[in-house]
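K.L.:
this one's structure only:
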């Protein structure tokens, strides 16, 4: 007999549903407790489905709420539902999918897909066939409700639907969905496209078999009057561009014409989907050819999309000019992630490379509107197209720009400044002739009365910082810097933030050009300390850290130290050990300590001690949480589930005591210790001697988290350079750990371990001999590995050279295995100490094993020629090897050999070494 509710129980459940809609917190708490009690009774879930599907006398919000509570129960406890309850719920869902109310149909759809996602697609074999059959119903509600449920299942389980596990139901579903593209109801058409769209990116075979029908059906819907249908058509075409461009190419002209229309669709959601098309097309090799003839139409459309909409201005409080006294709410502050220290080398013609990823440029400055919108998408599209078409874009843009930049309406003027920033990277060459005239205008926009104009001007000017710095300082650098510093003290928080970020970019470009203005810059940044709210304070730390990185030891003047250090140390003392604001402050202090060198000495002791404490605390917490975990999992007399229950109970009762620690505190502390060791050099000796840092380092180097190991090896290298006396007793323990971390799967860990080994070599000398075998084969393997990032190749080459310098007999036999990649890796490195020691090592190895270099001697010649100014004794070593080789092969053979040299190499070797 079918289950029926008990009247009293039903009234109790209805009362609970009513109470749960109350805004009162005490009532809410009582509801939670009651729910937990009722969940002890299995048929409570029957009551919930009954209210949702059968109790038509109740209002819709109450019925829907009943379904949502049931959905949460399914999520949390479905595995423990008795089979009779589970079957009753499933049956009721399918019988009522055509409820007259759209809200109830949608709730039942959510419930069905939640059950399906609990592994029930396999256990509910009738679900998909029944839903597909219900699509044929004459009743609109039944058809729409079934499609709604199918769309949710397609979103949640797309991979499973295309697998053998279910016998590939897509082979039936996709052709079925395609039939509904022509349905008379726009809602049904929209569902049908949305269902098929779920399978484009995964290239489901059933869709690929029907791809032409799908594309024809999309084209047939191009002029649909329903905005949701148009949005789904645009979304499909954007994904097909990535996955099956071959099928779109024959129709590309008309697709582009269609997308030009849709990018101007009156419905912004449709316009946004269509605008994605240009972003995706820009990544395709055919972009230039396909779009060249359409730029004249496309560029004005994108530019028009870059204006703030009215809703944007309301959300951004565009009419609020002064808000600096308003405290930030915590959700305004994005979580910060510390980027662990990576050791890099200086290159010819440029600074050290930061990692391999490079910083992604923000394409817009209104990140509080973190939702992707038409303005951001249009700006991003213009940016990528500028990188594809370069200066060919300008004839279409420049006539528009003039009208925008000098427009009396601030919204239009603001969009013009954004356009100018978006094209900065791609069209820089073509913009150069206009910049002397544009710069003063942009700098003037920094004083505009609208805060949103001032903030976008900061961002756009930062995009041209490289050019500004290439001009005489008085021309643009000085006026730009003066105005940006005023904006750092602006009354509007958004402008402060934009100015701080822009100034950090300017610092990176200008480097020591800023030295004459340091006093003025520091006055401003220090004044901002007292003025800024929480969020911008974190960005200010970054601007100070970047300044220190950019001007280096020039900051080490008593006057500057006196300005900068007191407010930094005051903040340092104010923050508790568990405050995440320590991250940016520690990063900032790390840069400052490295720049100030001995100037940091008066502040170093408390900073050093606190860093050691942070590392120690984190390690201790990690040990406690591991021990507690081990303790519980080790209780063999407990069943596994009760052990986990006790553990989870313990976590929930005393989370602070047992939570896995946040290791970012330890990573940032290790990086600041590196900064201190690098800045203070030998002065760090007494601090190291009085602490247990070497014991802690030994533990950190074996941490499970790669970022912890990465920072540990950087610190090991810096301590090796600064005070090897304290490192040496631990080398026998450290070297095997370094050897096991020469694993290029973890690029940055491997890079720092490699660098640290090289530093240890230089201190150990011949005593390095017992450890060569632990590391040499891995290093040779890394240098020969395809697609290895440049930074890692360079550090590996330096370390192999240094190993050969201190132990040539051990390393020289392997010369033929690494000499070619070794030479190509180091040819672009600037002359410096690391390069010097590595090349001495290679020369000594060639002395031991001259035959090892014969096959690749041209690469050695090229690497030698990359030196601008080697020390005299190193030049002599090169001279002897080159002349020795020439004498060995004889003049005629040398003549033939040197014919292969490129002209520049020939000249260089003749001029410097007389060969």
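P.N.:
Structure's in. What do you need? It should be emphasised that the depicted structure is a prediction, and the values quoted were computed from it without experimental measurement. Residues are numbered from 1 along each chain as shown.

K.L.:
buried residues in the host helix or strand of residue 29?
P.N.:
Secondary-structure assignment from DSSP states H and E places residue 29 in helix 25-38. Within helix 25-38, the residues scored as buried using 16 or more other C-beta atoms under 10 Å are 31, 34, 38. C-betas here are computed from N, CA, C, even on glycine.

K.L.:
Dump the residues you listed to TSV, plus distance to residue 593.
P.N.:
Supplementary listing: the buried residues of helix 25-38 in TSV, determined by distance: C-beta to C-beta, whole Å:
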residue	distance to residue 593
31	55
34	58
38	60
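
K.L.:
Just the closest of those to residue 701, please.
P.N.:
For the buried residues of helix 25-38, the minimum distance to residue 701 (C-beta to C-beta) is 51.6 Å, reached by residue 31.

K.L.:
where in the stretch 51-200 of the chain is pLDDT low?
P.N.:
When residues are selected by pLDDT under 70, those of the stretch 51-200 of the chain lie in 120.

K.L.:
try 90
P.N.:
Segments of the stretch 51-200 of the chain classed as low confidence (criterion: pLDDT under 90) are 57-58, 75-81, 116-126, 156-168.

K.L.:
Tell me where it has helices.
P.N.:
Ranges of helices within the stretch 51-200 of the chain are 60-77, 83-95, 102-115, 121-123, 127-134, 140-156, 158-161, 170-179, 186-197, based on DSSP state H, counting those that start in this stretch.

K.L.:
The one helix or strand residue 231 maps to - contacts with which helices or strands?
P.N.:
Using DSSP H and E, the secondary-structure element containing residue 231 is helix 227-243. Using 3 or more C-beta pairs under 8 Å, 6 or more residues apart in numbering; DSSP states H and E as the contact criterion, the secondary-structure elements in contact with helix 227-243 are helix 186-197, helix 211-220, helix 245-248, helix 252-262, helix 268-282.

K.L.:
out of these, nearest to residue 158?
P.N.:
If you check each of those against residue 158 by C-beta to C-beta, helix 186-197 wins as the nearest, at 9.8 Å.

K.L.:
Give me the contacts around that closest one.
P.N.:
Contacting residues not belonging to helix 186-197 are listed as 143-144, 147-148, 150-151, 154, 173-174, 177-178, 180-183, 207, 214, 218, 221, 224-226, 228-229, 232-233, 235-236, 239 [C-beta atoms under 8 Å, 6 or more residues apart in numbering].

K.L.:
Can you select the buried ones among those residues for me in PyMOL?
P.N.:
A single PyMOL command selects the buried members of those (16+ other C-beta under 10 Å):
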select buried, resi 143+144+147+148+150+151+154+173+174+177+178+180+181+183+207+214+218+221+224+228+229+232+233+235+236+239
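
K.L.:
Report the contact partners of the closest residue to residue 96 other than its chain neighbours.
P.N.:
Distance criterion C-beta to C-beta, 6 or more residues apart in numbering; nearest residue to residue 96, sequence neighbours excluded, is residue 53 at 4.0 Å. When the contact criterion is C-beta under 8 Å, 6+ apart, the partners of residue 53 are 92, 93, 95, 96, 99, 104, 108.

K.L.:
So among those residues, which ones count as buried?
P.N.:
Among those, those scoring as buried are 92, 93, 96, 99, 104, 108 (criterion: 16+ other C-beta under 10 Å).

K.L.:
any chance of those in TSV, with distance to residue 342 too?
P.N.:
Formatted as TSV, the entries for these read as follows, by distance: C-beta to C-beta, whole Å:
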residue	distance to residue 342
92	58
93	53
96	59
99	58
104	56
108	53
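
K.L.:
ok, back up a step: nearest approach to residue 374 belongs to which of the helices of the stretch 51-200 of the chain?
P.N.:
Shortest distance between residue 374 and the helices of the stretch 51-200 of the chain, using C-beta to C-beta, is found for helix 186-197: 20.5 Å.

K.L.:
Can you show me the strands along the protein?
P.N.:
Here the chain has no strands by DSSP state E.

K.L.:
Let me know the pLDDT of residue 205.
P.N.:
According to the predicted model, the pLDDT of residue 205 comes to 93.

K.L.:
Verify the stated contact: it with residue 164.
P.N.:
No: with contact defined as C-beta atoms under 8 Å, residue 205 does not count as touching residue 164 (11.3 Å).

K.L.:
which one of the two has more residues nearby?
P.N.:
Each of residue 205 and residue 164 had its neighbours counted (other C-beta atoms under 10 Å), and the higher figure belongs to residue 205 (14 against 6).

K.L.:
which residues touch the residue lying closest to that one once chain neighbours are set aside?
P.N.:
Beyond its immediate neighbours in the sequence, the residue positioned closest to residue 205 (C-beta to C-beta, 6+ apart) is residue 162, lying 6.8 Å away. Contact criterion C-beta under 8 Å, 6+ apart gives 168, 170, 199, 202, 204, 205, 206 as the residues in contact with residue 162.

K.L.:
10 Å instead?
P.N.:
Counting by C-beta atoms under 10 Å, 6 or more residues apart in numbering, residue 162 touches 168-171, 173-174, 198-199, 202-207.

K.L.:
ditto for residue 156
P.N.:
Counting by C-beta under 10 Å, 6+ apart, residue 156 has contacts 113, 114, 116, 117, 121, 198.

K.L.:
go on, residue 213?
P.N.:
The neighbours of residue 213, taking C-beta under 10 Å, 6+ apart as the test, are 174, 175, 178, 179, 181, 207.

K.L.:
Now the fifth one: closest residue in space, sequence neighbours ignored.
P.N.:
Sequence neighbours aside, residue 217 is the residue nearest to residue 181 in space, at 4.2 Å (criterion: C-beta to C-beta, 6+ apart).

K.L.:
tell me, how many neighbours does the one you found end up with?
P.N.:
Neighbour count for residue 217, taken as other C-beta under 10 Å: 22.

K.L.:
so where's the stretch 701-850 of the chain uncertain?
P.N.:
For the stretch 701-850 of the chain, counting by pLDDT under 90, the residues that fall below are 787, 827-831.

K.L.:
that older thread, just the buried members of the contacts of residue 162?
P.N.:
Of all those considered here, the ones buried according to neighbour count by 16+ other C-beta under 10 Å are 169, 170, 173, 174, 198, 199, 204, 206, 207.

K.L.:
would TSV of those residues with distance to residue 676 be doable?
P.N.:
Output for the buried ones among the contacts of residue 162, formatted as TSV (distance: C-beta to C-beta, whole Å):
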residue	distance to residue 676
169	62
170	60
173	63
174	62
198	53
199	55
204	56
206	61
207	58
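
K.L.:
and of these, the nearest to residue 692?
P.N.:
For residue 692, the closest of the buried ones among the contacts of residue 162 turns out to be residue 198, at 56.0 Å, with distances computed as C-beta to C-beta.

K.L.:
List the contacts of the residue found closest to residue 848 once you drop the neighbours it is linked to in the chain.
P.N.:
Using C-beta to C-beta, 6+ apart and skipping residues adjacent in sequence, the residue nearest residue 848 is residue 812, 3.8 Å away. When contacts are counted by C-beta under 10 Å, 6+ apart, residue 812 touches 804, 841, 842, 844, 845, 846, 847, 848, 849, 850, 852, 853.

K.L.:
any idea how far residue 121 is from residue 812?
P.N.:
Applying C-beta to C-beta, to the nearest Å, the value for residue 812 to residue 121 is 63 Å.

K.L.:
Repeat that for residue 902.
P.N.:
Distance, residue 902 to residue 121, by C-beta to C-beta: 64 Å.

K.L.:
Among these two, which residue is more densely surrounded?
P.N.:
In terms of neighbours (other C-beta under 10 Å), residue 121 is the more surrounded of residue 902 and residue 121; the figures are 22 against 11.

K.L.:
my guess is that one meets residue 127, correct?
P.N.:
Yes: under the contact definition of C-beta atoms under 10 Å, residue 121 touches residue 127, with a separation of 7.0 Å.
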